[in-house]
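Asker: Have a look at this fold, sequence not included:
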């Protein structure tokens, strides 16, 4: 039987606008999953982070959620002691779609270590893993994620190429085939790329979610201060139109992006 359990930690914590991390544990061993959950909770709390943790008892249980696109994980822990071939194939499929998800593999031997590191694993632990080893693996993942939150994107503007921090992007508005990028410090850039190509480049960033409240508008969910019936307000004070018939859908997407509810 495929089983799935959801745990929440540190729900009142906030850090730099990043409301919550989403971690997935794929393991048939409750002892192994419990150890990982314990230190995930403790170590995210010490960093001021909120955490939602989903445990699956095998890779096929995880695969159902992943194929439906229900979850977008920041961290994944793969226990290879049960159904290892299926777990490795699923991990490879996940890596192809999610390039910045941090992964840790746990196994009874090192026969799949090379394959795991080729998938960009942060760590490969031999079972039974010690508390110190689990802590080290989680610390590597959290440090890597904190680096990704400061990630920049290279954009072509009317004045040349410009490196922009993802965290500073408030909104992109397309008007008369011109894309204007608004930054949190009040700066405005005129982009040469199309809105669709920019949307594709921003897609899949784990710590930042870019949503559309209406045609020709893209906003950073982390920079939305308030949502009204027909407008939304950004942290910088700029108000943008919100299509009334889509207001409810946008609000749910926004809440999910921030809180992973």
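Answerer: Yep, it's here. Keep in mind that this is a model prediction, so the values were computed, not measured. Numbers count the residues shown, from 1 in each chain.
Asker: how about low-confidence regions in the stretch 51-200 of the chain?
Answerer: 69-71, 148-150 (pLDDT under 70).
Asker: quick one, strands of it?
Answerer: Ranges of strands in the stretch 51-200 of the chain, per DSSP state E, counting those that start in this stretch, are 51-56, 75-79, 102-107, 123-126, 152-157, 160-165, 169-175, 178-183, 188-191.
Asker: What about the spatially closest residue to residue 192 that is not a sequence neighbour, how many residues nearby?
Answerer: Computed as Cβ to Cβ, 6 or more residues apart in numbering, the closest residue to residue 192 that is not its neighbour in sequence is residue 156, at 4.4 Å. No exception for glycine: its C-beta is placed from N, CA and C like everyone else's. By the measure other Cβ atoms under 10 Å, the count of residues near residue 156 is 12.
Asker: Give me the pLDDT for residue 3.
Answerer: pLDDT recorded at residue 3 is 59.
Asker: repeat for the one 3 residues further on
Answerer: Here the pLDDT value assigned to residue 6 is 68.
Asker: again, but for residue 17
Answerer: Residue 17 is given a pLDDT of 41.
Asker: please renumber so the chain begins at 39
Answerer: Right, with 39 as the first residue, what we last looked at is residue 55.
Asker: Show me the domain layout of this protein.
Answerer: 42-187, 190-297 (automatic domain parsing).
Asker: Tell me which of those sits most buried.
Answerer: domain 42-187 (a mean of 18; mean count of other Cβ atoms under 10 Å).
Asker: Can you show me the helices along the stretch 139-288 of the chain?
Answerer: 151-156, 169-187, 233-240, 285-297 (DSSP state H, counting those that start in this stretch).
Asker: quick check, distance from the third one to the centre of its chain.
Answerer: Relative to the centre of its chain, helix 233-240 is centred 17 Å away, using Cα atoms, centre = their mean, to the nearest Å.
Asker: before we move on, what about the first one?
Answerer: Relative to the centre of its chain, helix 151-156 is centred 22 Å away, using Cα atoms, centre = their mean.
Asker: go on, the last one?
Answerer: The chain centroid and the centroid of helix 285-297 are separated by 15 Å, computed with Cα atoms, centre = their mean.
Asker: Residue 143 contacts residue 162, correct?
Answerer: Yes - the criterion here is Cβ atoms under 8 Å, and residue 143 meets it with residue 162 at 4.9 Å.
Asker: shared neighbours, the two?
Answerer: 150-151, 154 (Cβ atoms under 8 Å, 6 or more residues apart in numbering).
Asker: Reformat those residues as TSV; add distance to residue 89.
Answerer: As requested, the shared contacts of residue 143 and residue 162 are exported to TSV (distance: Cβ to Cβ, whole Å):
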residue	distance to residue 89
150	27
151	27
154	23
